[in-house]
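Undergrad: Output the structure for:
(one chain, ligands or ions: 1)
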Amino acid sequence: MDLSEIKFTRGVPDPVIFPKKHLAECACAVLEQHGDFVLQYGPVGGFPPLRDWIAGQYKVENERILIAQGSLQIVDTISRIFIKPGDIVYIEEPSYDRSITVFKRAGARLVGIPLENDGLDVDALSERLRMGEKPVLFYIIPDFQNPSGKVLSLEKRKRVIALAKEYDFWVIEDSPYRKLRYKGEELPSLFELGHDSVMHISSFSKLIAPGLRTGYVIAPLDVARRLLKFSEDTYINPSYLNQGIVHEFIQRGLLETNLIELKKVYAPRLLTMLDALDEHMSNLADWTRPDGGFFIGILLRQNSKADILWDRARKVNLHLSDGRGFFTNGYGEQFVRLPFCALTEKEIVEGVERLAQLIRAI
Ligand SMILES: Cc1ncc(COP(=O)(O)O)c(C=O)c1O
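TA: Below is the predicted model:
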């Protein structure tokens, strides 16, 4: 039996399709055309032409935008400004493990709201709010959620916005996978449905390359001013060179062609994973069938211990993320996140087969 290493821990883009040659050309062009600006200290909001481009895309004033070193840094900045120790922050359960860490570090008391097939259980959210547990922030990943792959339905999006307005809390919409839809129609973002209540975060990490560390937030003007001031006091300004490269890449029409390229590679990998799950796991676990993104989250039916599964997986060279990291309060023993973008179709099939065998053996 071939036991080559398979890493279901790799929730990252496939480096094989990084557009290295184009990025090198863009870097030269930026240094030639904007060298004095990008190599100097400057305004914290980001490389002005990229800020203007984002403003045009979202039809907002550019003062409402902060471009930072990736979107996780923005989650951290928001946390440091808005969360005092003991404050309540709502998250989806499961949610992105790094954001959970950031909120905990800021001293938040996390409350997990469960997910259903069409995203958040809004009745559970509503009930929590009715009971008087008001959050300062509600962090949500509505499109191809990390780690579950789920998408929040339109009707639920409208209800989330209505609740944010009624109970007066901020919705942090983290949306790095939104443009990676392999089929079906895009739904309106929470930002589009209620931008007064929403801080919308996105990133070029999954659309070009994470190493460029270029993510952004759009917030109401008064909030944006606070984010900008805090960021300036923390790191003066972001790397304009990286942001200039992203801007040049976009100006050359390469973002659109890159997106087509990514979908060409990732869409078949998603289908391969769904087929492999249908074939090997149908009586062992449950999952939703995403139309995009990076992940399928599966919930094992049997009551196995994560540590045992993890250890046994290691022995057959299969690397799994610890499902408990995506939950608050130690849940997640039965949850396994399966990323499919950075694995070949052969690795996906082999990995799912190996996982199914392990679960059966336990
Ligand atoms: C939901 C979510 N938010 C934020 C990030 C971090 O992205 P960035 O590289 O823009 O910091 C990730 C990365 O995996 C993610 O899945």
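Undergrad: Which residues of the stretch 151-300 of the chain lie near the ligand?
TA: 174, 176, 203, 205, 210, 215 (CB under 6 Å from any ligand atom). C-betas here are computed from N, CA, C, even on glycine.
Undergrad: quick one: the second one and residue 210 touch, right?
TA: No. Because the distance of 9.6 Å does not satisfy CB atoms under 8 Å, residue 176 is recorded as not touching residue 210.
Undergrad: Kindly tell me how buried whichever residue of the stretch 1-150 of the chain sits closest to the ligand is, as a neighbour count.
TA: Nearest residue of the stretch 1-150 of the chain to the ligand (CB to the nearest ligand atom) works out as residue 70 at 2.7 Å. Using other CB atoms under 10 Å, residue 70 has 22 neighbouring residues.
Undergrad: so who does it touch?
TA: Residues counted as contacts of residue 70 (CB atoms under 8 Å, 6 or more residues apart in numbering) are 203, 205, 210, 213, 214, 215.
Undergrad: Show me which of residue 176 and residue 210 is the more surrounded one.
TA: Legend: neighbour count by other CB under 10 Å for residue 176 and residue 210, higher for residue 176 (25 against 17).
Undergrad: which phi and psi does that one have?
TA: phi -70, psi -20 (degrees, to the nearest 10).
Undergrad: try residue 225
TA: Here is the backbone geometry of residue 225 (degrees, to the nearest 10): phi -60, psi -40.
Undergrad: quick one, what contacts the residue lying closest to it once chain neighbours are set aside?
TA: In this structure, residue 225 finds its nearest non-sequential neighbour in residue 63, 7.7 Å apart by CB to CB, 6 or more residues apart in numbering. Residues in contact with residue 63, defined by CB under 8 Å, 6+ apart, are 45, 221, 224, 225.
Undergrad: from the contacts of residue 70, which is closest to residue 30?
TA: For the contacts of residue 70, the residue nearest residue 30 by CB to CB is residue 214; the value is 12.7 Å.
Undergrad: What distance do you get for the closest one to residue 284?
TA: 40 Å (CB to CB, to the nearest Å).
Undergrad: And those two? Which one has more around it.
TA: residue 214 (28 against 15).
Undergrad: you'd agree that one is up against residue 67?
TA: Yes. Using CB under 8 Å, residue 214 is in contact with residue 67, at 6.5 Å.
Undergrad: how about a markdown table for the contacts of residue 63, with neighbour count, secondary structure and pLDDT added?
TA: Compiled in a markdown table, the contacts of residue 63 are given as follows (neighbours: other CB atoms under 10 Å; DSSP: H, G, I helix; E, B strand; the rest coil; pLDDT from 0 to 100):
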| residue | neighbour count | secondary structure | pLDDT |
| --- | --- | --- | --- |
| 45 | 23 | coil | 98 |
| 221 | 10 | helix | 98 |
| 224 | 21 | helix | 98 |
| 225 | 14 | helix | 98 |
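Undergrad: Pick the one among the residues you listed closest to the ligand.
TA: The ligand lies nearest to residue 45 out of the contacts of residue 63, by CB to the nearest ligand atom, at 16.9 Å.
Undergrad: Give the buried residues for the longest strand along the chain.
TA: Using DSSP state E to define each element, the chain has its longest strand at strand 109-116. Neighbour-count burial for strand 109-116, counted by 16 or more other CB atoms under 10 Å, picks out 110, 111, 112, 113, 115.
Undergrad: Which elements pack onto that strand?
TA: When contacts are defined as 3 or more CB pairs under 8 Å, 6 or more residues apart in numbering; DSSP states H and E, strand 109-116 packs onto strand 88-93, helix 97-105, helix 122-130.
Undergrad: just the helices in the stretch 201-350 of the chain please.
TA: In the stretch 201-350 of the chain, the helices defined using DSSP state H, counting those that start in this stretch lie at 221-235, 240-251, 254-281, 306-315, 345-361.
Undergrad: Comparing those helices, which comes out most buried?
TA: helix 240-251 (a mean of 24; mean count of other CB atoms under 10 Å).
Undergrad: what angle separates that helix from helix 254-281?
TA: Per axes from the mean of the first three to the mean of the last three CA atoms, to 10 degrees, the angle that helix 240-251 makes with helix 254-281 is 90 degrees.
Undergrad: Packing partners of helix 240-251?
TA: Under the contact definition 3+ CB pairs under 8 Å, 6+ apart, helix 240-251 sits against helix 20-38, helix 48-58.
Undergrad: Alpha carbons only: can I get the helix or strand of the chain with the lowest mean pLDDT in PDB?
TA: Here the helix or strand of the chain ranked lowest by mean pLDDT, DSSP states H and E is helix 306-315, holding a mean of 90. Extracted C-alpha coordinates of helix 306-315, given in PDB (Å, rounded to 0.1, in the frame of the first residue of the first chain):
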ATOM      1  CA  ALA A 306     -10.100  13.400  18.100                       C
ATOM      2  CA  ASP A 307      -6.800  12.500  19.700                       C
ATOM      3  CA  ILE A 308      -7.100   8.800  18.800                       C
ATOM      4  CA  LEU A 309      -8.100   9.600  15.200                       C
ATOM      5  CA  TRP A 310      -5.300  12.100  14.900                       C
ATOM      6  CA  ASP A 311      -2.700   9.700  16.200                       C
ATOM      7  CA  ARG A 312      -3.800   6.800  14.100                       C
ATOM      8  CA  ALA A 313      -3.900   9.100  11.000                       C
ATOM      9  CA  ARG A 314      -0.300  10.200  11.700                       C
ATOM     10  CA  LYS A 315       0.700   6.500  11.600                       C
END
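Undergrad: In space, what's closest to residue 330 - neighbours in sequence excluded?
TA: Excluding the flanking residues, the one nearest residue 330 by CB to CB, 6+ apart is residue 324, at 6.1 Å.
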